[in-house]
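In: okay, sequence plus prediction incoming.
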Amino acid sequence: QVQLVESGGGSVQAGGSLRLSCAASGRTFYKYAMGWFRQAPGKEREFVAAIRRSGGSTYYTDSVKGRFTISRDVAKNTVYLQMNGLKPEDTAIYYCRAVRFDQDFWGQGTQVTVSS
């Protein structure tokens with residue numbers, strides 16, 4: 001079992017930055033691929049970024065490429081999402097996800113609000 005707790009959300013103006021953190025419980029964190037998803041009001045949850053368990057490969061949705069960076073610190077059992085150049089359309093609840101084979105865990109989400 002993995003428990004995920006997101007933090008770092010908040011309200012910023014367009015062009016600003018935030019760093020989201022996702023702290024994971026358990027000693028097997030390093031075995032999981034990790035991802036960030038988001039859900040805006042009235043919209044479906046969508047993929048934002050992912051990182052392989054080795055940390056060697058990262059993936060991004062097109063709308064955040066060049067602005068967001070996903071990373072992980074195995075020693076701290078934490079995955080991060082550095083968000084720069086934020087836009088109003090980035091406003092959403094951001095969720096952390098851990099996946100390994102048939103195991104799939106989600107955090108409770110953290111709100112990000114970007115004003116123009």
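Out: On my side now, so go ahead.
In: in this structure, which spans are strands?
Out: Under the criterion DSSP state E, the chain contains strands at 4-7, 10-13, 18-24, 33-39, 46-51, 58-60, 68-73, 78-83, 92-100, 103-106, 110-115.
In: okay, those strands in a markdown table with mean neighbour count and mean pLDDT next?
Out: (Each C-beta comes from the backbone N, C-alpha and C, glycine too.) Shown next, in a markdown table, are the strands of the chain (neighbours: other CB atoms under 10 Å; pLDDT from 0 to 100):
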| stretch | mean neighbour count | mean pLDDT |
| --- | --- | --- |
| strand 4-7 | 18 | 96 |
| strand 10-13 | 13 | 98 |
| strand 18-24 | 20 | 97 |
| strand 33-39 | 21 | 97 |
| strand 46-51 | 19 | 98 |
| strand 58-60 | 15 | 97 |
| strand 68-73 | 18 | 96 |
| strand 78-83 | 23 | 97 |
| strand 92-100 | 21 | 97 |
| strand 103-106 | 14 | 95 |
| strand 110-115 | 17 | 98 |
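In: please report the distance of the residue nearest the centre of the chain from residue 87.
Out: For the chain, residue 36 is the residue whose C-alpha lies nearest the centre (CA atoms, centre = their mean; 3.0 Å). Remark: distance between residue 36 and residue 87 (CB to CB, to the nearest Å) = 16 Å.
In: picking that back up, partner residues bridging the residue nearest to the centre of the chain?
Out: residue 49, residue 96 (DSSP bridges).
In: got the contact list for it?
Out: 20, 22, 48-50, 70, 79, 81, 94-97 (CB atoms under 8 Å, 6 or more residues apart in numbering).
In: let's see 7 Å
Out: 48-49, 70, 81, 94, 96 (CB atoms under 7 Å, 6 or more residues apart in numbering).
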